[in-house]
Each structure stands twice: as C-alpha cells, then as structure tokens.
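**Student:** Pasting the sequence and the predicted coordinates here, then a few questions.
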Amino acid sequence: MLARHARGLGQGPLAFGPLMQLVRNLSEWATVDPQKLSGSAPGTCANLVSGRWQPSRESRLLPDPLNGQPFISVPHTQPDEIAPFVESLRAVPKTGLHNPLKNPQRSLTGYGWLLGLRTALHLHLHLHLHLHLHLHLHPEYYGGERTGIPRGVRFLARGFTVPGDHPGQTSSGNRWPYGPVALITPFNFPLEIPALQLMGALYMGNKPLLHVDQRVSIVAEQLLRLLHHCGMPPADVDLLHGPGATCGAVLAAAQPRSTLFTGSQRVAERLAVETHGKVFLEDAGFDWKIMGPDVRDVDYVAWQCDQDAYACSGQKCSAQSMLFAHRSDGGRWELFANLPSAGAKLLFGGKPLTGHSIPGVYGAIEPTAVFVPLEEALRPEHFEAVTTEVFGPFQVVTEWRDGQLPLVLEACERMTNHLTAAVVSNDINFVQTVLANTVNGTTYAGIRARTTGAPQNHWFGPAGDPRGAGIGTPEAIRLVWSCHREIITDFGPVPPASALKLS
Ligand SMILES: NC(=O)c1ccc[n+]([C@@H]2O[C@H](COP(=O)([O-])OP(=O)(O)OC[C@H]3O[C@@H](n4cnc5c(N)ncnc54)[C@H](O)[C@@H]3O)[C@@H](O)[C@H]2O)c1
C-alpha cells in the first residue's frame, strides 16, 4: 500500500509518516539484510540494464573487512557482456529524458516523490539498511549527512533572458542535459557520492550509467531498489557492477556525452584521454593545512588535526595530507619544538596494526606522521614523493618560521591537486595573504579551519582545472549535469523591404 502511495506521481511531497514506514520496511524493497550478512549467508548483487536486473557470467566473493569471511557475491562483469549497457546508453537522445522544453513536468511530478523522501531518508535511511551496510564496508562519518535531494528541482534548471537588438528578439540562457551520461565513484563513499551525483544527473534530465567500486557497489544497488520502490522508473538508471576496466569498455563503445568520475588521479587522467576530454573530475586529494603564527586553542586545533588526518583511517579525499606548523621561537606555540633541524623523521606510527581479524587485503596500519623539513620537501628530487597522496592514515608534517611564508606558498603553488585546504588562523591579514595566493576548491579559514567535513553545507570540489567537478550544492549539480544552451527567439515584427540594406 505504501509503495502504491509512493508511486502516486504528481501528488507532490508525500506525508512524512508513510515514507518513514516505507524506508523501514526493508522486506518490501531490499534484497539483503545487513544484520544477517555473513559467510554462511552471503548477499548477492545484480546488474541493472534497461530496467531489468540481470546476473553476470562470473561473480566475485568479497571478504568481510571485519573477519575475512566471504560475505558478498558481486557480478564480475566482463567486457564481452557489455552490449546491453552500450545499447541502453546509445538509445538515449542528446536532448535527455527531459529538458526545459521537453517533458518539463517530468522533473516536477516525476520526481515529486523525492521531496518527501528526502526527509525520510535523512532521518531514517542511515539507521537502517544503508548505514549498516555502509559501516560494514566502510566506516564513513555520518554526522550531518545529506541525501542529495534538494527542494525545488525545477529551480536547478533556472535560466535567464536578455533583451535583444530589436522588437521581438530575446535571448535566453538555458540549462540543457547531456542525455546519456556515466557516473563512476570510488570505494570510500559508497552512498554519499553516488546518491548526491545520481540525483543531480536525474534532476537535470540525463540517463546515467552508474558504476561504483565493486567492493562497495552493493550499497548503490540497494539505493536503486529503494528508489524504484518509491516510484523511480526502473529504466532511468543502469547499474554496472564489476571491474573498472569493464566500465571503461562501456564508455569506449557507448561514448556517453559526459562522465563524472570520482576517484584516483591515475584513472582520472586515463579517462580524460579516453573520453576525449568529455569528463568532469573529482580526483585525488593532497590536502594541506597551514597554521598561522597566531594559532591558539591548542587542544581544539590538535583535535581537529587528528580528525582531519586519521578519522575514517585517513581514507577521505579531503584528509589532511600535509601540515605546515608555524614554529615561533619564544612564542606561545611550539608544536614540534624537539624536532631536528634537518632530515626526515618518523614522528609516530608506521607499523601494522596487530590483534585484529581484518584481512590483509584491506591493510591496517597505525596512524602515521612523517616530519620533513620545509627546505628538504621543496627540493625537486623530494617534492613529488612528499606531495603524493597516500590514501590511508598518513600525513607529512613540516614547520615554517617567520619569514618563510613564501616557501610555504611556493609548496602550495607546486602541488598538482587542489581539492581541500585549511588556513588555521584568526589573523585576517595572514588569512587573506594565504587565500590570495592559493587556489584549492574547498578552503576553510579561521581558527576552526579543517580539511574534512564536506559536503554538508557547501560546495566540494577541486579548483584550478577546467575539468574540475563539484558536489553538494545546486551550483555543483548545474555545472556537472547540465550545459549551457542559448536560444535567441526572433519572431518579428519584420522590418519593411525598403529598410533592408546589405551590411
Ligand atoms: N575528489 C573527490 O571528491 C574524491 C572523493 C572520494 C575519493 N577520491 C579519490 O579516490 C581515490 C580512492 O578511491 P579508489 O581507490 O576507489 O579510486 P580508483 O580510481 O581506483 O577507482 C574509482 C572508480 O573508478 C573505477 N575504474 C577503475 N578503472 C577504470 C577504468 N579504466 N574505466 C572506468 N572506471 C574505472 C573503479 O572501479 C572505481 O569505481 C583517492 O585518490 C581519493 O582521493 C576523490
């Protein structure tokens, strides 16, 4: 009954109570119960293409990160099985499933149910299937989590008009979908990134092929099953489980009009070439934090450093990768006063964790920090190694003294990834100098500055690269999932023939 209620498209936002109930009733829509997933009762996954759930020829058994038991069987789709995915994408017109002039009601009534679902998801989804699965697979921080379902979908496609050159002429800027698109996401945010980006793609009128890292793609599958249950047409999204290379083969054959890729630098650069540049990137994060000379509230700042570098085992793209601590001789703040003046040194960590049952394939090491003197870090022979993202509980620490800010800024200038950054200072002149001379796309400034935390209430994405994508705000959705189309209407009146001259 609830499902029928939810499928009453066009009815506007649904009542909160029934939706909470709907999300709670796992048996109506979920195919796995995370409380029961185990080596003796593994969960199984299926591909979704053109509205039909389908197995693949081979499957891969994933070991439970908690105890090593094989607990999920996921399709190991091979390149010779991709034809239905290619056909499905090729069947989508460039004009999308809807656009400002075609089926505009689809973004209103077709997704009306989502507006009510937003609240229900926000409060209850993470208490049930997804959080359990999610925490099992990857313990992502969930405080302030967003579901990616903004109010007023139609306003995402808001355009503008400009008066023309003569009576009857007007030009209008429109947000237009790409039509067939691909969405590729990594292992470390199995729900948040697919949910936020998928909804944006759909709102703007695209049909996405979704590929999530095979180790966690079961979460995205359950999200799609919930969305179907709530009324999303099953053919609106395809889901491809399997190796990344198989997804690459689909892209090469189907040539989606645009691809949003979130993941490592290596794959990002490869896709940029293979898609001939038709790609938006949320790639590697080498994220720095600069402490100003005025840093105070030491316990708070140190706590935030630990959170940024080591929460979630440092496996956030926004994790603190390099800390520039200010060393103030005779001042209040001497973070690493006992460090040697030259040479790199292990500050702490560096050993494998012991006394656990985590399978070796997942890796488990102590929170680790390595100190590298600033001048040594800047040497050409060291710089690349010092500024390469290590996707784990690892950070590089250095220090700078009064007069060395230009060296710190030089290091920021020479880095290749510009995702998040933090300027920990309440000295407005210091903050302004650092902000004016750096480019990171999501930069926090002030004594409470952090590198992690996104995307809760703001844009999140890299800057300084025309391929840079965003996530988390209406602007991000508009940028990534629609393009600009200018329509100049010129209906007359037509001038008399006597007024026509060659120009
Ligand atoms: N910038 C961001 O917003 C953001 C967010 C999360 C993670 N990350 C980055 O992701 C990385 C960690 O994630 P990962 O190890 O899962 O990344 P990864 O690049 O190995 O994999 C990401 C996705 O790409 C797919 N893939 C791999 N090869 C492919 C190919 N040839 N064609 C198409 N798809 C292919 C994978 O199956 C996976 O779904 C880190 O570098 C981290 O900084 C960035």
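**Tutor:** Sure, I can see it. Numbering: from 1, shown residues only.
**Student:** what's around the closest residue to residue 433 other than its chain neighbours, how many residues?
**Tutor:** Distances taken as CB to CB, 6 or more residues apart in numbering put residue 405 closest to residue 433, at 7.1 Å, once the chain neighbours are dropped. For every residue, glycine as well, the C-beta is placed using N, CA and C. Using other CB atoms under 10 Å, residue 405 has 19 other residues around it.
**Student:** Kindly report the same for the one 4 residues further on.
**Tutor:** Other residues near residue 409 number 17, with proximity taken as other CB under 10 Å.
**Student:** And it, how close does it get to the ligand?
**Tutor:** 23 Å (CB to the nearest ligand atom, to the nearest Å).
**Student:** got a list of what that residue touches?
**Tutor:** By CB atoms under 8 Å, 6 or more residues apart in numbering, residue 409 lies in contact with 434, 437, 438.
**Student:** what about the last one, distance to residue 213?
**Tutor:** Shown here: residue 438 relative to residue 213, a distance of 31 Å by CB to CB, to the nearest Å.
**Student:** What ranges does the stretch 101-250 of the chain have for its strands?
**Tutor:** For the stretch 101-250 of the chain, applying DSSP state E, counting those that start in this stretch gives strands covering 160-163, 169-176, 180-185, 207-212, 238-239.
**Student:** Which of these sits closest to residue 258?
**Tutor:** Residue 258 sits nearest to strand 180-185 of all the strands of the stretch 101-250 of the chain, at 5.0 Å, using CB to CB.
**Student:** Using CSV, write out every CA atom in the closest one.
**Tutor:** Extracted in CSV, the C-alpha atoms of strand 180-185 (Å, rounded to 0.1, in the frame of the first residue of the first chain):
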residue,chain,number,x,y,z
PRO,A,180,23.4,9.7,-21.9
VAL,A,181,26.0,10.1,-19.1
ALA,A,182,28.2,8.0,-16.9
LEU,A,183,28.8,8.3,-13.1
ILE,A,184,31.8,6.5,-11.7
THR,A,185,32.5,6.6,-8.0
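**Student:** what's in contact with that strand?
**Tutor:** 89-90, 92, 94, 193-194, 197-198, 201, 206-213, 220, 244, 247, 250-251, 254, 256-263, 271, 481.
**Student:** Buried only: go through the residues you listed for me.
**Tutor:** Among the contacts of strand 180-185, the ones that count as buried by 16 or more other CB atoms under 10 Å are 89, 92, 193-194, 197-198, 201, 206-213, 220, 244, 247, 250-251, 254, 256-263, 271, 481.
**Student:** distance between the ends of stretch 413-420?
**Tutor:** By CA to CA, to the nearest Å, the extent of stretch 413-420 from end to end equals 14 Å.
**Student:** returning to what we had before: filter the contacts of strand 180-185 down to the ones close to the ligand.
**Tutor:** 211, 212, 213, 244, 247, 262, 263, 271 (CB under 6 Å from any ligand atom).
**Student:** hang on, the earlier thing: if any of the contacts of residue 409 are buried, put those into a PyMOL selection.
**Tutor:** A single PyMOL command selects the buried members of these (16+ other CB under 10 Å):
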select buried, resi 434+438
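**Student:** Quick check: which element contains residue 300?
**Tutor:** helix 298-310 (DSSP states H and E).
**Student:** other SSEs contacting that helix?
**Tutor:** strand 287-291, strand 320-326, strand 420-424 (3 or more CB pairs under 8 Å, 6 or more residues apart in numbering; DSSP states H and E).
**Student:** tell me which residues of the longest one are tucked away?
**Tutor:** Just to be clear, that refers to strand 320-326. Neighbour-count burial for strand 320-326 flags 320, 321, 322, 323, 324, 325, 326 (criterion: 16+ other CB under 10 Å).
**Student:** of all those residues, which comes closest to residue 294?
**Tutor:** Closest to residue 294, out of all of those and judged by CB to CB, is residue 326, at 8.6 Å.
**Student:** Tell me how far residue 316 lies from residue 429.
**Tutor:** The gap separating residue 316 from residue 429 is 31 Å, by CB to CB.
**Student:** Neighbour count: those two, which is higher?
**Tutor:** Comparing residue 316 with residue 429 by other CB under 10 Å, the one with more neighbours is residue 316, at 23 against 9.
**Student:** if I look at the residue nearest to the more buried one when sequence neighbours are not counted, how far off is the ligand?
**Tutor:** Using CB to CB, 6+ apart and skipping residues adjacent in sequence, the residue nearest residue 316 is residue 452, 5.3 Å away. For residue 452, the distance to the ligand equals 11 Å [CB to the nearest ligand atom].
**Student:** thinking residue 452 is in contact with residue 304, fair?
**Tutor:** No. Counting by CB atoms under 8 Å, residue 452 sits too far from residue 304 to count as a contact (9.1 Å).
**Student:** Skipping adjacent residues, who's closest to whatever residue of the stretch 51-200 of the chain ends up closest to the ligand in space?
**Tutor:** Residue nearest to the ligand within the stretch 51-200 of the chain: residue 186 (3.1 Å; CB to the nearest ligand atom). Distances taken as CB to CB, 6+ apart put residue 263 closest to residue 186, at 4.3 Å, once the chain neighbours are dropped.
**Student:** Looking at that neighbour now. What's its pLDDT?
**Tutor:** For residue 263, the model assigns a pLDDT of 96.
**Student:** Was I right to think it contacts residue 189?
**Tutor:** No. If you go by CB under 8 Å, residue 263 and residue 189 don't touch, sitting 10.6 Å apart.
**Student:** Look up phi and psi at residue 232.
**Tutor:** According to degrees, to the nearest 10, the main-chain angles of residue 232 amount to phi -70, psi 130.
**Student:** List the contacts of residue 175.
**Tutor:** Per CB under 8 Å, 6+ apart, neighbours of residue 175: 100, 156, 157, 158, 159, 204, 478, 482, 483, 484, 485.
**Student:** quick one: it from residue 377, how far?
**Tutor:** Distance from residue 175 to residue 377, counting by CB to CB: 43 Å.
**Student:** Check residue 503 too.
**Tutor:** Distance from residue 503 to residue 377, by CB to CB: 62 Å.
**Student:** the more surrounded of these two?
**Tutor:** Shown here are residue 503 and residue 377; by other CB under 10 Å, residue 377 has more neighbours (20 against 3).
**Student:** rewinding a little: pLDDT on the helix holding residue 300, on average?
**Tutor:** Averaged over helix 298-310, pLDDT sits at 97.
**Student:** what sits against the residue of the chain found nearest the ligand?
**Tutor:** Residue of the chain nearest the ligand, by CB to the nearest ligand atom: residue 244 (2.2 Å). Residue 244 makes contact with 184, 211, 213, 267 under the criterion CB under 8 Å, 6+ apart.
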